[in-house]
Every structure is written in structure tokens, then in C-alpha cells.
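S.K.: coords please:
(2 chains)
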There are 2 protein chains.
Amino acid sequence: MKAVGIIAEYNPFHNGHKYQIEQAKKTTGADIVIIVMSGNWVQRGQPAIIDKWQRAEIALNNGADIVLELPVQSAVQPADIFAQKAVEILANFKCEWLAFGSEHPELDFEGLAKKDLSNSKFVNNDYKQSYAGLIREAIDGVTGQRISDPNDVLALNYAIANNSMEHHMQLVPILRKGSNHHDKELNHDIKMASASSIRDAIETNRIDETIKFLPTAYDKSVFNKICSWADFWPLLKYKVTTSSIHELENIYQMNEGLEYRFKKFIYQSNTFDEFIYLIKSKRYTYSRLRRLCVYTLLNWKKDDDLGSQYARILAFNKVGNGYLNHIKKDINLPIITKIDKHLSENELKFDVNAGKIYESINNRKQDVGKHPIIY
Amino acid sequence: MKAVGIIAEYNPFHNGHKYQIEQAKKTTGADIVIIVMSGNWVQRGQPAIIDKWQRAEIALNNGADIVLELPVQSAVQPADIFAQKAVEILANFKCEWLAFGSEHPELDFEGLAKKDLSNSKFVNNDYKQSYAGLIREAIDGVTGQRISDPNDVLALNYAIANNSMEHHMQLVPILRKGSNHHDKELNHDIKMASASSIRDAIETNRIDETIKFLPTAYDKSVFNKICSWADFWPLLKYKVTTSSIHELENIYQMNEGLEYRFKKFIYQSNTFDEFIYLIKSKRYTYSRLRRLCVYTLLNWKKDDDLGSQYARILAFNKVGNGYLNHIKKDINLPIITKIDKHLSENELKFDVNAGKIYESINNRKQDVGKHPIIY
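M.R.: Numbering: from 1, shown residues only, chains lettered A, B, ... in the order given. Below you'll find the predicted structure:
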């Protein structure tokens, strides 16, 4: 049995994701599809619109055989760390292939990933500058190749991460169909739309408009209760208000006086969007600042050990189960199916705390006492 | 012009308070009534049901000439510190008399206060034990006099504090009329009821029932938006969930492993009342634990300097203004009428932060940019 791995957020799952899974299987001939998915907080520094269990189940219903959770401390990170941690899990699960969406699947990602970027600012950056800009600059400078579309940038990061693994997976770029990632409008001509345009429609109560972009086997009632930053804004405002400058300064990635900007603008902001707009400067992308808001909300510290790596199983079917039984003795990561008191206070404390805060809004148990979804 | 001082919380102001002001003036012949009042958080560890400006204005409409705010770091304290700080302000404002309610006004509070309690556990206690129990025991042991009713206990604390002042005020105990302080039921036979029974009625939407217990010149629309612990519960739950044991241990008055009880019970509690019930043990009173919840919510630390003392003027009328002009050169406390950036980040930071958290629920500006109410 051979597996293809996909790194995803499914925020929310839509026809484009279903198509990607189908293409990945078809192109490779894989028997198994393994997904590594962000949990309740996603890479761009936002709460997931619906929770990880709901998203894992939808994936299972639409072609995935195993859904693993990317730990929150690996998911809410710049693209290179996000990619490195996710690729590591798929490599550990012995995937033959790594499939990913790309605006330009004809690019030689593996070749580009082998270029020596060690003298570029990209490799030496400490995330004080916009990451997307840095990688674009570095690749452009070293290879003359301009990589700028968001899925291409991510793909390159996957390729770089893959090169650092002991056993390399074979890269399978899949042409993204339908809207561009950043499109704000739903494209009604084809049945594919970006996750962000679907989120936008759901958040503004236009759920009916989104139905054609979602797989048919999809319980739309999941969208009766959605989460957005607006829900967590009172907690973030409380946190920043009651924290001293010194406490804010100790928050993970709170650099270069951003703690003063947080303090200065929190009181006059009535919404999260207003706050993020006020603290924005040329130096930081919105994603970087939203991630910093997640770190602040979840109280991650500069001296926290965020490197803990493990494989949390959210969902699997019979095929997936067979595969897991076959390979589990060879996996060099702790495999987590149930969270006990010790795990929740140690290795998995970031996930469990992040889940509790998410749970305080969506009112559905996230971690403690939860078992994988088994089909 | 001679002034009588009263220490109050007015949570909310009712006929008993109006009667107390009238009696204080009548008994003493004072020209001026000065109130020192808790702000948005009260001595027993609760948010005030309506804010300090609303309560100050009602007091001004019902006999008070000057309303001063007891700083939050002095108000949310055991009875002895509360009394000491409040008496200090009234003594500084040159009050001739200190009037207070008492279940037994015939008691010789001044005499009892002079007894040497220095060898009793009461004086040496570090608030690890129930305060009310300790003082009862100490007085009983030294004087043979049993003081147990809540206003008598408070009165004794005022008397002790008064004795420590350079110039002693004359004590004026006034018989409490109507319900006992702790009565949960409204007493419809007379027009006086306890603040806690009135709060209960308001919180359970029986505002109409309370009207007869409130002075006629009272805008009942203030009760359209009330605050209770239920409103702040999501913030407290968030705070305890995201704080490490070490961070909780650093909270002011978090002693003897209470941080573990906080952590243990926060997740399984659905309401503030459930939480406080679960962390309760024989050793601590509900008031002590609720105060600890206020300290936690407001993020007060063991090494915070909570001793800052000043006189914040919330409201005054013409008579009050004349008196203020007459005595202000002799007051040995900073007098605060407006809060600028420096004050809000230094001397008054506890008040300002407490106000911001309160404001996040009641949506009315509390401190920054506010001026005293002038009649």
C-alpha cells in the first residue's frame, strides 16, 4: 500500500480540495491519502471557521483516508516552519508522494529548492521582515525565477523541507483550478472558489450562495455556528489591557516595540479588524500580525518550547486503519489518539489550551476525552 | 463648615442609605456630607451592579455633597484594609464625624478599638484564614464582647482605623433599619431592604418589586444595563485557562496552592457560581475567594505596589465645592479630578485598568477623559 500526502487547512473544505485529492490519487496511483491539517487555528493567524473535527470528517467523506492534526505550535507559523513541520509528519508516515496545489505546476520545485540560498536574507531572517517578500527576493536573486503566487511560494517551502528529510517524497504539483487563493468574490461560472471567498460568504450570512462550491456530501448545518476573530476579540482586548508592557514583551515573536503598539491601539479599537489595521505598518504583513495576536491570545512566551512534534490522529477509515497498523512500528513520532492529563499538561499543552479557548466560543469539546473519528 | 464622613458602596443606593445620610446630618448637625465609595469593584469581590458614576450621582441626589472614590486596590480588600484606607481619606478631608451603620449602636466601638489585640491571631494574620472569624475570636478573647453582625464588625474596623489617625473623628453609629445585610428576601412591610436582596431582585428581572425600596428621585433606567460576575466569567475563565501555574501563583493573595484549585476546577465550571462553589473550602470565605477572582481577573501581582493612596473626586455640589475650596490646601493626599496619560499608567493604573475591564461590559466610559459630576 502506497500513500500520497497532502498538507491542508480546509478552512473550509470545498470542491477545489476534493478535486485536489482526486487528482493526487489519479496522478500517483496511490492507495491511501493522508492529510496533515491545521487544527483550530490556521497558518494566517485566524481561528478556523469550523472546528478540526468537523473539517476532518468532511475530508474523510471526500477522499481522505487518514487525517492528522498539525500541532498548533507548528501550524500558526510562517510558511517555512509550517511547511517543515507538516512535511516531517508526512515523511514519517512513509508517504511516497507529496501532492500540493500550485499556480505553476510546470515549475521545477525540487530543482529550485536545491539552490543555495544560504547567503540570502531569506535564510538568515528572524521574521522581523515580511517572509513572502524575502523568499521572493531570494529565489529571484539566486535563480532568476520569479515565484510570487501564494501556492507556488508554499510549494517551494514544501520542496525545501522535503529536501531536508532522510527519505525524499516525490513532489506532485497539481494545477489549482478555479478562483485564485486571494479572490474575494465567488466565481459562479465554475464550481470552484477560494476558501477565503467562501469564508467571506459564510461570515456575511450568504451560506446558500456557497453551496455549489462545496461537495454534495456536506452537512451545511456545520455553518450554523462559525468562529471568527470577532468572537475572540473581547478576550484579546482583555488580555492586552490587563497585561503589562513587560508581559507583552515576553510574548512569542513580540519584537521591536510591537508591545507598545499593542498597548497604544487596543483601547481605541472597537473591533479586531480596526485593531489590526491600526497596528499595521509596512514592515509587517497582516498574516504576521494576526499570528502575533494568536500568540498573545494563547499566551505563548518567548521561552516556551514550541518545538514539540508528534502525530495526532483526528480521523481515519478502514483503509487508513490498515495502513496505520502496517507502518506504525516504523514511525519515529509519538502517535496520539487520546489525550490524558499528563499529555494535556506537557507535550500537548499548546494544542489543549488552544482548543479550550476555541471551545469557549464554539461550545464543542475539542481535545480532552475526544477519540479519533473512525469510519 | 463642618463635615460628616460616611464609608459606603451603594451597590445599589437604597432607602436605607438615604436614611443613614439624613440621620448622620441630623445627629451631628454637620453642614456637609462626604462619602467615600467603592468604585466599580466592591469589597466582597464583585463588580458593582451599576457603575461608580451612576452611583455617585444618585448619592448626590439624595443628600451627599461630595463623593470620593476609594481606589480599587483599597476597596477590594479584607475589612481592616478597606476600613483603614477609607478612614484615612475622610480624616484627610477634615471630617469632624464618622457615621456608620451598626446593628448595635450602643456598643462602645471606640473603647473596644483601644483594646490591645497585638497578641491575637487577628493582628498577625496574613489572610490565610477567614478574616471575619479571626476578628470575632480576637475581640471575644480580649474583651469578652461578642461582635458578630457584619456592620458591627465593619464599625469596629473603622474605630480601629480612626484610632490610628493623627486627628480622631468622632464616631457616630446609626442603627440599621430594615432588613439585615445578608437577607435574601425583600421585606415588603417597611420600605427598607438590604442591598443584596435588591441586587438579587434586579438580577432576576424583578426591578418593579424593588422600586419601593429606592428613593423616589432615582432614574430606574440605570438598571437597564447591569453588571454581575456572570458577565466577567468568560474573561476569568480565559485568564485562568491561559495562565501557567507559575503565573497564577504570582497573583496577589494566591496562597497555599489555591492556584492548583483554580486550574483544576476552571475547565469543568460552566458558571462563576459553580467555580466559586468548587474552589470553596472551610478555610476561605466566599468573599475572600471572590476577591481573589477579582485580583486574577485584573492581573494584580504579589509584587505590585497596591499602597498608592489619593482622593479621586467623582461628584460634588455647590456646598461641596465651597468646602473643597476651603480645605484643599490642608489635604495631604493627591486630589484627582481628571486622569491624564501619566496618571493612568502610574498612580491610577489599577483604577484605570479595572475601569477598562468593567467598561468592556457596561459600555460606558469610566476613567479616561471623565470629569467629576458637578451639581
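S.K.: Next, count neighbours for the residue nearest to residue A:332 when sequence neighbours are not counted.
M.R.: Closest residue to residue A:332 apart from its sequence neighbours, by C-beta to C-beta, 6 or more residues apart in numbering or on different chains: residue A:92 at 5.8 Å. For every residue, glycine as well, the C-beta is placed using N, CA and C. Number of residues near residue A:92 (other C-beta atoms under 10 Å in any protein chain shown) recorded here: 22.
S.K.: Residue A:33 looks like it's in a strand, true?
M.R.: Yes. Residue A:33: assigned to a strand according to DSSP: H, G, I helix; E, B strand; the rest coil.
S.K.: Just confirm residue A:336 contacts residue A:343, I think it does.
M.R.: Yes. Look at residue A:336 against residue A:343 with C-beta atoms under 8 Å: they come within range, at 6.8 Å.
S.K.: Low-confidence bits of chain A, can you list those?
M.R.: Counting by pLDDT under 70, the ranges of chain A that qualify are A:117-133, A:135, A:178-190.
S.K.: Spell out which residues of it are next to chain B.
M.R.: Contacts of chain A with chain B, taken as C-beta under 8 Å from any C-beta of the partner chain, map to A:234-235, A:237-239, A:241-243, A:267, A:297-299, A:353, A:356-357, A:360, A:368.
S.K.: And for residue A:156, the neighbour number?
M.R.: Taking other C-beta under 10 Å as the criterion, the count of residues near residue A:156 is 24.
S.K.: list the contacts for it?
M.R.: Residue A:156 makes contact with A:109, A:112, A:113, A:135, A:139, A:147, according to C-beta atoms under 8 Å, 6 or more residues apart in numbering or on different chains.
S.K.: For the stretch 101-250 of chain A, just list every one of the strands.
M.R.: Secondary structure of the stretch 101-250 of chain A (DSSP state E, counting those that start in this stretch): strands located at A:170-175.
S.K.: Setting aside sequence neighbours, what's the nearest residue to the residue in the stretch 251-375 of chain A positioned nearest to chain B?
M.R.: Of the residues in the stretch 251-375 of chain A, the one nearest chain B is residue A:299, at a distance of 4.1 Å by C-beta to the nearest C-beta. With sequence-adjacent residues excluded and distances taken as C-beta to C-beta, 6+ apart, residue A:299 is closest to residue B:242, at 4.1 Å.
S.K.: so the one you found makes contact with residue A:296?
M.R.: No. At 9.8 Å, residue B:242 and residue A:296 do not qualify as touching, with contact defined as C-beta under 8 Å.
S.K.: Pick out whichever of the two has more residues nearby.
M.R.: Neighbour count, other C-beta under 10 Å: between residue B:242 and residue A:296, residue A:296 has more, with 24 against 19.
S.K.: doesn't residue A:241 make contact with residue A:266?
M.R.: Yes. Counting by C-beta under 8 Å, residue A:266 touches residue A:241, with 6.1 Å between them.
S.K.: Next, the residue of the stretch 251-375 of chain A closest to chain B: phi, psi?
M.R.: Per-residue torsions, residue A:299: phi 60, psi 40 (degrees, to the nearest 10).
S.K.: got a list of what it touches?
M.R.: Neighbour list for residue A:299: A:239, A:251, A:353, B:242, B:243, B:244 [criterion: C-beta under 8 Å, 6+ apart].
S.K.: Reformat those residues as CSV; add distance to residue B:310.
M.R.: As requested, the contacts of residue A:299 are arranged in CSV below (distance: C-beta to C-beta, whole Å):
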residue, distance to residue B:310
A:239, 28
A:251, 32
A:353, 39
B:242, 33
B:243, 30
B:244, 34
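S.K.: of those residues, closest to residue B:373?
M.R.: residue A:239 (32.0 Å; C-beta to C-beta).
S.K.: what about the residue nearest to residue A:71 when sequence neighbours are not counted, is that helix, strand or coil?
M.R.: Closest residue in space to residue A:71, ignoring its immediate chain neighbours: residue A:351 at 5.7 Å, by C-beta to C-beta, 6+ apart. Here residue A:351 takes the helix state, with states given by three-state DSSP.
S.K.: ditto for residue A:37
M.R.: The three-state label given to residue A:37 by three-state DSSP is strand.
S.K.: distance of the residue nearest to it when sequence neighbours are not counted from residue B:156?
M.R.: With C-beta to C-beta, 6+ apart as the criterion, residue A:37 has its nearest non-adjacent residue at 5.1 Å, and that residue is residue A:8. The span separating residue A:8 from residue B:156 equals 68 Å under the rule C-beta to C-beta, to the nearest Å.
S.K.: before we move on, back to that, list the contacts for the residue nearest to residue A:299?
M.R.: A:239, A:297, A:298, A:299, A:353, A:357 are the contacts of residue B:242 under C-beta under 8 Å, 6+ apart.
S.K.: what helix or strand does residue A:82 sit in?
M.R.: Using DSSP states H and E, the element containing residue A:82 is helix A:79-92.
S.K.: What angle do strand A:32-38 and that helix make with each other?
M.R.: Between the axis of helix A:79-92 and that of strand A:32-38 there is an angle of 150 degrees, by axes from the mean of the first three to the mean of the last three C-alpha atoms, to 10 degrees.
S.K.: Outside of helix A:79-92 itself, which residues are in contact with it?
M.R.: A:5, A:7, A:34, A:36, A:43, A:68, A:70-71, A:74-75, A:77, A:98, A:131-132, A:135, A:153-154, A:157-158, A:160-162, A:164-167, A:169, A:309, A:311, A:331-333.
S.K.: Same question for stretch A:321-335.
M.R.: When contacts are defined by C-beta under 8 Å, 6+ apart, stretch A:321-335 is touched by residues A:1, A:3, A:31-32, A:34, A:65-66, A:88-89, A:92-94, A:309-311, A:313, A:316, A:347, A:374.
S.K.: right, and the residue nearest to residue A:71 touches residue A:310 too?
M.R.: No. Judged on C-beta under 8 Å, residue A:351 makes no contact with residue A:310 at a distance of 9.3 Å.
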